[in-house]
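Participant: sequence unknown, structure follows:
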Ligand SMILES: Nc1ncnc2c1ncn2[C@@H]1O[C@H](COP(=O)(O)OP(=O)(O)OP(=O)(O)O)[C@@H](O)[C@H]1O
């Protein structure tokens with residue numbers, strides 16, 4: 001059977017589907033291939049039947065075979081549907097379809113004639129049994145006439161192969177010479193295709209066969225036959241010794257293998273064919289020879305995209321760094337691409353550029369010098385693509401040639417390679433000493449060279465975006481909507497918020513809502529295109545500041561904001577700056593269609609409410625969530641939070657819905673709450689489309705030794721505003737920590753309200769074990785109350801608890817650690833937090849107002865603790881500099897005197913010396929005194 005499959009695979013390799021699918025015999029081979037697949041893998045069979053039906057839809061037998069297969073799987077309905085569909089598409093002969101339909105309706109399990117039935121390998125899980133017992137098919141396959149030539153004869157006569165077919169109808173199979181002769185006598189359009197296995201394959205083939213000699217499905221004559229046979233380069237036809245075969249060749253219409261663009265009529269065709277041809281190989285990754293033949297067909301399509309899809313798939317078979325066979329095979333395939341698809345013709349094609357780059361990288365595995373040459377070829381021909389230059393620069397970095405990398409990237413800029421932003425990031429990272437020029441994968445690749453793959457994926461080189469473990473992988477096409485999924489429209493918005501309402505809350509009329517994107521009421525069928533590549537090695541962490549090099553300067557690294565970038569001072573005190581709905585990329589990514597240019601960035605996408613978003617990378621993760629940075633078609637940057645609800649209980653799901661509802665509702669009340677643009681929710685998952693922050697406060701703090709006093713003050717104000725807003729709406733966060741805030745355009749925004757995953761009826765909260773991790777910010781009252789209860793730990797929460805937590809954050813921004821951080825034992829820490837005799841240290845600082853704020857926030861008794869409203873009014877937030885008093889600037893009169901005194905010195909040297917001394921005085925803050933300067937200079 002394997003042999004048959006392999007031979008069929010080669011037939012397909014040499015005879016492109018797009019070109020031959022209208023040929024009846026070819027259609028039969030497709031069907032046969034699918035039937036053989038069924039013996040091993042039902043899903044593969046299904047895929048291959050689909051390919052056969054979609055391409056050779058004119059032939060009734062194709063549909064009937066698929067329907068038969070579905071029936072064998074117990075899918076009667078599907079079988080009927082297939083047949084009805086076949087009638088609709090006009091498959092011929094219609095009578096056969098009708099007869100088959102009648103058969104089904106009469107409850108017959110088999111749609112074929114009894115003889116057909118016998119010849120069919122039954123697709124079931126007991127395939128091995130079937131093989132052992134020896135189906136008719138195998139019997140036939142072994143009945144060689146001893147000529148040593150195997151012929152695949154497609155002997156279905158038109159219109160007689162299926163239900164109601166004549167008794168002499170037979171399935172395609174390996175025929176004896178006599179059978180072949182019988183076939184020759186059949187209608188002329190039925191070709192008899194004798195072919196043998198190419199010499200190149202013989203050894204592999206025979207070896208593998210010999211070693212697996214026990215395989216009952218292998219014709220005994222095969223090894224003899226294949227040995228020493230020659231491959232006809234055109235059609236894989238045998239230059240057989242057997243003249244009978246040659247005679248038969250006369251009947252064969254040899255398909256010309258001239259490259260035809262049209263053979264891949266559409267992407268679906270490419271995919272299905274690739275699947276068809278590829279799946280047969282995946283079972284045996286070591287059989288590289290098949291790859292070559294499959295690839296020949298792909299190359300002949302003249303489609304860089306098909307080639308690339310194939311090559312990337314091929315590369316998944318192993319690691320070319322360690323598998324020399326794979327490396328050679330890959331290089332061989334790439335060379336074929338370049339031979340067939342000349343670079344000059346395709347230099348504007350992004351996929352072709354990827355191919356060039358990857359080839360160079362593969363070359364680099366063995367010979368860096370050669371790699372360099374190839375990178376140069378790639379850069380000089382595909383100069384429009386930033387990723388080509390970055391990949392070369394990345395390669396140079398891996399070779400220790402940082403200067404060269406720098407010059408490559410700068411040159412790319414001058415060449416106007418797009419997207420320029422990527423070059424900027426790469427340049428920035430290079431300057432920062434990063435090994436990786438582009439942040440993308442969270443995974444540390446095994447070698448520097450491989451590092452360029454994820455790098456490229458960020459910029460469009462390699463298609464996979466490395467993603468964290470346990471992301472459920474679904475593609476929209478593969479993911480039927482589970483019956484259990486309910487649309488969110490069934491989700492009722494909670495009418496009351498089960499939260500304690502702060503006594504300090506004033507019933508204020510909310511400000512006029514700012515327009516925000518409306519969230520649609522109805523929810524679409526989930527159509528997910530989740531990351532296909534799941535990487536279990538991935539370290540899931542929030543981005544560090546190195547990856548966001550510009551964060552410290554308040555600029556999104558991916559984004560150039562131009563006028564939107566304002567100073568931190570201005571940002572913090574600007575009254576309600578109208579936030580842009582999202583972060584725009586200023587420049588077009590490249591001079592292609594938006595679709596194409598985005599697919600250059602990533603082929604991984606998420607579809608939310610029917611809109612596609614391209615995943616750039618994962619930027620964070622929570623308890624049951626993962627957050628991705630994505631781009632839409634307009635190149636707008638967003639964050640998408642994905643929450644897996646598969647494991648979640650009803651309460652948790654409800655709490656998430658509650659969280660989203662509040663987030664949605666509170667958008668209009670504060671700019672310090674992260675923008676939620678849209679969401680999609682089912683019983684299995686949630687997607688939240690949000691404004692994308694640069695990085696979270698936790699990461700920001702972790703990567704800084706000191707915090708600028710102004711930044712601290714502005715961030716403090718942002719935090720207070722955000723928390724005040726949620727308090728005003730009856731929400732107490734009760735789990736505030738730096739990770740709950742992200743930096744967006746120089747200001748801090750709250751990303752969650754602490755509702756999800758926690759159930760907090762009224763004023764009590766069930767403290768989850770997972771919160772132990774955040775003890776450093778936990779208010780004493782929470783600990784006291786949890787310790788006073790037995791069984792379920794419950795705690796009274798109030799807005800004052802959030803004040804304590806905020807105080808801890810501010811403390812950390814002031815002293816570089818939280819008040820109880822140095823106590824490492826968790827129990828001792830808990831004791832210290834609630835123990836009034838444990839004095840919190842407040843080392844003296846020049847900002848007295850700040851000190852006061854800290855002391856008043858970190859009061860153990862919540863009733864004595866300052867409120868958020870008071871904090872907002874606190875002098876600390878009044879914008880008057882404290883730490884560094886303004887230097888005294890000389891008045892005009894002073895200046896006049898200084899200049900006069902200087903002039904009076906007369907000697908140029910004295911004047912210079914005095915001027916230098918003046919400058920020194922000036923920078924040390926001393927009062928300027930020319931006489932003094934003159935004295936010291938003399
Ligand atoms: N809109 C955003 N922009 C940038 N980064 C974000 C955004 N939202 C979340 N993140 C990042 O993702 C991390 C996890 O966010 P998430 O909201 O899922 O955390 P969580 O509330 O702890 O998780 P969970 O709700 O599952 O318990 C954050 O700490 C932050 O680093």
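Facilitator: Everything's here; your move. Please read all numbers here as calculations on a predicted model, not as lab measurements.

Participant: Any regions of the stretch 301-450 of the chain where pLDDT drops low?
Facilitator: Low-confidence segments of the stretch 301-450 of the chain (pLDDT under 70): 440-450.

Participant: cutoff 80 now
Facilitator: The model of the stretch 301-450 of the chain has pLDDT under 80 over residues 322, 339, 344, 366-367, 369-370, 439-450.

Participant: For stretch 392-408, measure first residue to last.
Facilitator: Criterion Cα to Cα, to the nearest Å; first-to-last residue distance in stretch 392-408 is 8 Å.

Participant: residues from the protein in reach of the ligand?
Facilitator: Within the chain, the positions near the ligand by Cβ under 6 Å from any ligand atom are 542, 619-625, 627, 639, 641, 674, 690-693, 696, 739, 742, 751-752, 756-757. Heads up, the C-betas are built off the backbone N, CA and C, glycines and all.

Participant: try 5 Å this time
Facilitator: 542, 619-620, 622-625, 627, 639, 690, 692-693, 696, 739, 742, 751-752, 756-757 (Cβ under 5 Å from any ligand atom).

Participant: Narrow the residues you listed to those in strands?
Facilitator: 619, 620, 625, 627, 639, 690, 696, 742 (DSSP state E).

Participant: I'd guessed the first one sits against residue 629; true?
Facilitator: Yes: if you go by Cβ atoms under 8 Å, residue 619 and residue 629 touch, sitting 4.9 Å apart.

Participant: Check which element follows the helix or strand harbouring residue 850 along the chain.
Facilitator: Under the criterion of DSSP states H and E, residue 850 resides in helix 848-857. Scanning forward in sequence from helix 848-857 by DSSP H and E, the next helix or strand is helix 868-873.

Participant: could you say what helices and strands that next one packs with?
Facilitator: helix 709-728, helix 799-815 (3 or more Cβ pairs under 8 Å, 6 or more residues apart in numbering; DSSP states H and E).

Participant: which is the next helix or strand following the shortest one?
Facilitator: With elements assigned by DSSP H and E, the helix or strand that comes after helix 799-815 is helix 826-834.

Participant: what angle sits between that next one and helix 799-815?
Facilitator: 110 degrees (axes from the mean of the first three to the mean of the last three Cα atoms, to 10 degrees).

Participant: Can you tell me the number of residues neighbouring residue 421?
Facilitator: 20 (other Cβ atoms under 10 Å).

Participant: circling back to that earlier point, would you write a PyMOL line that selects the buried entries of the residues of the chain next to the ligand?
Facilitator: Listed next is the PyMOL selection for buried residues among the residues of the chain next to the ligand, using 16 or more other Cβ atoms under 10 Å:
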select buried, resi 542+619+620+622+624+625+627+639+690+692+693+696+739+742+751+752+756+757
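
Participant: re the thing from before, quick one: common contacting residues for residue 619 and residue 629?
Facilitator: Residues touching both residue 619 and residue 629 (Cβ atoms under 8 Å, 6 or more residues apart in numbering): 639, 692.

Participant: What helix or strand is residue 378 located in?
Facilitator: Judged by DSSP H and E, residue 378 forms part of helix 368-381.

Participant: Which secondary structure elements does that helix sit against?
Facilitator: Checking 3+ Cβ pairs under 8 Å, 6+ apart, helix 368-381 ends up next to helix 343-346, helix 350-366, helix 386-398.

Participant: angle of that helix against helix 350-366?
Facilitator: Using the same axes, to 10 degrees: helix 368-381 against helix 350-366 is 160 degrees.

Participant: ok, and what's touching helix 368-381?
Facilitator: Contacts of helix 368-381 (Cβ under 8 Å, 6+ apart): 343-344, 347, 353, 356-357, 359-361, 363-364, 388-389, 391-392, 395, 399, 408, 412.

Participant: what about 6 Å?
Facilitator: Here helix 368-381 makes contact (Cβ atoms under 6 Å, 6 or more residues apart in numbering) with 343, 347, 356-357, 359-360, 363-364, 388-389, 392, 395, 399.

Participant: filter those residues to the buried ones?
Facilitator: Buried members of these, scored by 16+ other Cβ under 10 Å, are 343, 347, 356-357, 359-360, 363-364, 388-389, 392, 395, 399.

Participant: tell me which of these is nearest to residue 46?
Facilitator: Checking these against residue 46 by Cβ to Cβ gives residue 359 as the nearest, at 34.7 Å.

Participant: I'd assumed residue 606 was in contact with residue 613.
Facilitator: Yes: counting by Cβ atoms under 6 Å, residue 613 touches residue 606, with 5.0 Å between them.

Participant: what's the neighbour count on residue 407?
Facilitator: Neighbour number of residue 407 under other Cβ under 10 Å is 13.

Participant: Quick check: which element contains it?
Facilitator: Applying DSSP H and E, one finds residue 407 within helix 402-414.

Participant: and the next element down the chain from that helix?
Facilitator: helix 420-431.

Participant: Show me the one of the helices and strands packed on helix 368-381 that comes nearest residue 703.
Facilitator: helix 386-398 (22.1 Å).

Participant: related to what we said a few turns ago, what are the buried residues along the helix holding residue 407?
Facilitator: So, applying 16+ other Cβ under 10 Å, buried residues of helix 402-414: 404, 405, 406, 408, 409, 412.

Participant: Check which helices and strands it is in contact with.
Facilitator: helix 386-398, helix 420-431 (3 or more Cβ pairs under 6 Å, 6 or more residues apart in numbering; DSSP states H and E).

Participant: CSV for those helices, including distance to residue 72?
Facilitator: As requested, the helices and strands packed on helix 402-414 are exported to CSV (distance: least, Cβ to Cβ, whole Å):
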stretch, distance to residue 72
helix 386-398, 48
helix 420-431, 52
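
Participant: so which of those helices is the most packed in?
Facilitator: Using mean count of other Cβ atoms under 10 Å, the stretch among the helices and strands packed on helix 402-414 with the greatest mean number of neighbours is helix 386-398 (a mean of 29).

Participant: okay, now residue 323: neighbour count?
Facilitator: 16.

Participant: Kindly report the same for residue 859.
Facilitator: 17.

Participant: surely it meets residue 865?
Facilitator: Yes: the criterion here is Cβ under 6 Å, and residue 859 meets it with residue 865 at 4.4 Å.

Participant: Now the helix or strand hosting residue 326: buried residues?
Facilitator: Taking DSSP H and E as the definition, residue 326 sits inside helix 324-340. Buried residues in helix 324-340, defined by neighbour count with 16+ other Cβ under 10 Å: 326, 327, 329, 330, 331, 333, 334, 336, 337, 338.

Participant: My read is that residue 394 contacts residue 437, right?
Facilitator: Yes: when contacts are counted by Cβ under 6 Å, residue 394 is listed as touching residue 437 (5.1 Å).

Participant: Phi and psi next, for the residue in the stretch 601-750 of the chain that the ligand sits nearest to.
Facilitator: The nearest approach of the stretch 601-750 of the chain to the ligand comes at residue 622, 1.6 Å away (Cβ to the nearest ligand atom). Main-chain dihedrals, residue 622, degrees, to the nearest 10: phi -120, psi -160.

Participant: And it, what's its pLDDT?
Facilitator: The score at residue 622 is 75. That number is its pLDDT.

Participant: what do you get for residue 866?
Facilitator: 97.

Participant: any weak-confidence spans in the stretch 51-200 of the chain?
Facilitator: Using pLDDT under 80, the stretch 51-200 of the chain drops low at 105-200.
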